[in-house]
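Student: Provided below for reference: sequence and predicted model.
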Amino acid sequence: MRSRLVPACFAILLGAGMLSGTSALAGPPPAEAAYQKARRAYYGFRNDKERKKFRHNWKNVAAKFEHLVDKFPKSSRVPDALFTAGRLYHDLYLISRVPADLDHSIELFNKLVKDFPEDHLADDAQLFVATAWIEFKKDQKKARQALAYLIEHFPDGDNAPKARRMLEDLGGAAEQKHSGEQTKVKEAEVKPVKQAPSVNSAKHAVLEKIRHWSNPGYTRIALYTRAKVRYKVGRLAANEKQGKPPRLYVDLMACELGDELTRPEPVQDRIVSRVRFAERDDGSLRVVLDLGGENSYRVFPLDTPERVVIDVTRGEGGEDTVAKVIGQKLHVKTGGETHKKPTKTEVARLKKKSKPGVSLSMMAGLKIKCVAIDAGHGGKDPGAIGSSGALEKKIALKIAKRVAKLLKKNLKLDVILTRKGDYFVPLEGRTAIANEHNADLFVSIHLNAHRNRKFRGVETFYLDLTDDRYSIKLAARENATSEKSISDLKYILADLALKSHVDDSIRLSRLVQKSLVGTLRKKYKRIKSLGIKPALFYVLIGARMPSILIETSFITNPLEEKRLKSVAYQKSLAEGIVAGISNFIKERDKFLDP
C-alpha cells in the first residue's frame, strides 16, 4: 500500500481553510464555475457559423445554462442563465421553425419573470414573450395580456414605453401616465397564468456593455448603463514622459462595472485606440478613451435603454470644418476624405453663390455618391402593428431593399443598408453605420401608427427642435420613450441637430415628400400629404450628412395597412423615394456645375 504524504506547508493551509470555512486554494463557488463554463461555451458558439447550422449544438449550449438553473436554483446567476437559454431557443426557432423550440423559449422566459420579478432582465423576458405571441403564434389576445402584464408590473422599465405602444396598436391600451405614475390598463387584459408580485422598478446604474462604430475620421461609442446616470466629461492632455496619449474621460456617477466587462475594449482606429474603465473611491466609474490626437467630441444621453453616447471626430474642428471652407486656408475633411482647399477664384464663386437656403456642404462642393438606407425597427422590436397583424419591421425592410435596388440601378449610387435582415440595430448604431461608411445621405424608412384608426397619410421629418405636440408624440413613439424624455432631452440635444445640414435635410425632405405623394397619387386614390416637419428622432441624431425619416403610411389604418402589405404599393413607395433623392441630387449638381 502506497502512503500519501501531505507537505507540512500544505497541511497548514488546509487547516486554515477549514477553520475559516473555505479552502484557501479553492476556486470560484460551484454555481459561479458552472456559469462561467456555460458562458465560455456560449461565446465560443455565438460566432461559429458552422456549428450554428446544427440544431443539437444550440441545445447543448442552452443545456449548460439550464443545468445551472436546476442544480443551483438559489444562485444569483440563475436569471442570466434563464434569459440566455431562452434567447438561444428563441433564435434557434428562427432557424428551425420547430414549435417546441419557441414553446421552450417562452417557458424559460416565463420562469424568469415568475421567479425573479425584481431582476433587471425580467421585463426584457416579458417583452420576448409578448412579441412571440404577436409575430409567431398570431394570438393577439395573449399578446395583449403579456403586454398589459409588463406595463402593470414594470411601469418604469426600459421596455414599458415600447409595450404601451404595441398594446395601443393592438387596441388594448387605456389612458396612460408616465414618470413613475401608475399606468392604467384594461382590467380584462391582465390575465397572466401566474401572477408575479409588483416590483420596485428602481434600478442602480451598471455599465453592462460598450459598443463602438468608426471610420478614419469618426468614432461613436455607446455606454449602456442599465439605469439613468449622471456624468461628467473632461480631457486629459498627453504625457510624453509617461507614454500616455491624449485622453477623454466620462465619469459615470454612482455606477458599477458589470461582470461582462473584464478588460479594456479595443477600438484601434485612428481616433480612439481603446476604452478603459476603473471604479473610483467616490462610487463613480471612470471611462477613459485613449485618443489618437486632440480630437473634438460630443457626449449626450439616450434612454430606453439608458446609455451615454460619445461621438469623437478627428481634429479640433471635427465635422464643423466644412463650415470654415469659405475664405479660409484649410483642407476640408469629411469622414477621412480630404478635399483640396479652394482657390481664390473658387472662393469668389462660392461667395457669389452664397445665399439664404444654400447649405455649407453645397458650397464645399460635396457631391452625392453614397446613400444609407435605414429600415426602421427589426428583430426584437417589431415597430408598429397593424390590425391584421402586419409588422412595421418587415414591411419597412422590404421597402428599404427596393429603394436600395433602384438607387443602384437607376442612379448608379453606392448604397448602405443599416440592416439587411430581421435583426435589431440600436438607434444610435444606425447613423453610426452611415457615418462609418461616409454616406452622403441618410434616409430612414418607417410606417406610421395612431390610436385613431382613421388617421392616414404620408409625412417626412428632419432633425430639429420643435414644440409641436404631434411631432413630439411621434418622436416618443419611434424612440420607444416618453414625451417627457423628449422634452427633457431637447435642450441637451439642441446642438446635435448639426446646423450645417439642416438646410440640406429640409430640402431633401421637401423633394422626397413631393415625389412620394405624386408617385402614389398616379395609381391610388385618397393619398393624403401631411407635409414635412421637424422632430427629435434619436435615429437621426449625430448623422454627419443630410438625414430624413419617412413615415410612408399608417399601418393602423385598415386601407393603408392593406396597401402596405401589397408588393405594388411597396414598389410605388420605393419609386417615389428614389425620385425625390434623384431630384435632390439634380438640384445640387445644377448648383455645383452651372
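Tutor: Received it, and whenever you're ready, just let me know what you need.
Student: For the rest of this, base every contact and every neighbour count on C-alpha atoms.
Tutor: OK.
Student: what's in contact with stretch 102-115?
Tutor: With Cα atoms under 8 Å, 6 or more residues apart in numbering as the test, stretch 102-115 has contacts from 79, 82-83, 85-90, 93, 122-123, 125-126, 128-129, 132, 194-196.
Student: Mark which of those are part of helices, please.
Tutor: For the contacts of stretch 102-115, membership in helices holds for 79, 82-83, 85-90, 93, 122-123, 125-126, 128-129, 132, with DSSP state H as the criterion.
Student: Can you pull the poorly scored residue ranges out of the chain?
Tutor: Low-confidence segments of the chain (pLDDT under 70): 1-27, 173-203, 316-366, 489-500, 592-594.
Student: Could you list the domains of it?
Tutor: For the chain, automatic domain parsing gives the domain ranges 27-189, 205-313, 318-363, 370-592.
Student: Please work out how many residues are found near Tyr470.
Tutor: The criterion is other Cα atoms under 10 Å. On that basis, Tyr470 has 12 neighbouring residues.
Student: likewise Arg97?
Tutor: For Arg97, using other Cα under 10 Å, the count is 13.
Student: which of the domains of the chain is buried the deepest?
Tutor: Neighbour counts (mean count of other Cα atoms under 10 Å) averaged over each of those peak at domain 370-592, with a mean of 21.
Student: For Phe445, what is the enclosing helix or strand?
Tutor: Phe isn't right for residue 445; it's Ile. According to DSSP states H and E, Ile445 maps onto strand 441-448.
Student: what distance separates that strand from the centre of its chain?
Tutor: On the basis of Cα atoms, centre = their mean, to the nearest Å, strand 441-448 sits 15 Å off its chain's mean C-alpha point.
Student: partners of the helix or strand just after it in the sheet?
Tutor: Tracing the chain past strand 441-448, the next element assigned as helix or strand by DSSP H and E is strand 458-463. Applying DSSP bridges, strand 458-463 is found paired with strand 529-535 (parallel), strand 547-554 (antiparallel).
Student: after strand 458-463 comes which helix or strand?
Tutor: In N-to-C order, the element after strand 458-463 by DSSP H and E is helix 469-478.
Student: what's the helix or strand for Val312?
Tutor: Here Val312 is assigned to strand 307-313, by DSSP H and E.
Student: Tell me how far the nearest residue in space to Asp259 that is not next to it in sequence lies from Ser487.
Tutor: Among residues not flanking Asp259 along the chain, Glu208 sits closest, at 7.4 Å (Cα to Cα, 6 or more residues apart in numbering). Distance, Glu208 to Ser487, using Cα to Cα, to the nearest Å: 27 Å.
Student: rewinding a little: parallel or antiparallel, list what pairs with the strand holding Val312.
Tutor: Each strand that pairs with strand 307-313, with its direction, by DSSP bridges: strand 218-224 (antiparallel), strand 296-302 (antiparallel).
Student: how about those strands in JSON lines, adding distance to Lys522?
Tutor: Output for these, formatted as JSON lines (distance: least, Cα to Cα, whole Å):
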{"stretch": "strand 218-224", "distance to Lys522": "42"}
{"stretch": "strand 296-302", "distance to Lys522": "41"}
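Student: could you say what helices and strands the strand holding Ile445 packs with?
Tutor: Under the contact criterion of 3 or more Cα pairs under 8 Å, 6 or more residues apart in numbering; DSSP states H and E, strand 441-448 touches strand 370-375, helix 392-411, strand 547-554.
Student: Listing partners with orientation, what would you give for it?
Tutor: Every partner of strand 441-448, by DSSP bridges, with its direction: strand 370-375 (parallel), strand 547-554 (parallel).
Student: Report the angle between that strand and helix 469-478.
Tutor: Between the axes of strand 441-448 and helix 469-478, defined by axes from the mean of the first three to the mean of the last three Cα atoms, to 10 degrees, the angle is 90 degrees.
Student: Report the separation between Ala396 and Pro73.
Tutor: If you go by Cα to Cα, the gap between Ala396 and Pro73 works out to 42 Å.
Student: and Asp156, that's in a helix?
Tutor: No: checked against DSSP: H, G, I helix; E, B strand; the rest coil, Asp156 lies outside a helix; its state is coil.
Student: if I look at it, how far off is His120?
Tutor: With distances defined as Cα to Cα, the gap from Asp156 to His120 amounts to 11 Å.
Student: Could you pull up the contacting residues of the closest residue to Thr418 other than its chain neighbours?
Tutor: Excluding its sequence neighbours, the residue lying closest to Thr418 (Cα to Cα, 6+ apart) is Asp374, at 5.1 Å. Each residue near Asp374 by Cα under 8 Å, 6+ apart is listed here: Ala400, Leu417, Thr418, Arg419, Arg430, Phe442, Val443, Ser444, Ile445.
Student: wait, doesn't the second one sit right on Ala396?
Tutor: Meaning Leu417. No: contact between Leu417 and Ala396 fails when scored by Cα atoms under 8 Å: they sit 11.8 Å apart.
Student: Arg456 against Ser553, yeah?
Tutor: Yes: under the criterion of Cα under 8 Å, Arg456 makes contact with Ser553 at 6.5 Å.
Student: list the residues that contact both of those two?
Tutor: With contacts defined as Cα under 8 Å, 6+ apart, the residues shared by Arg456 and Ser553 are Glu560.
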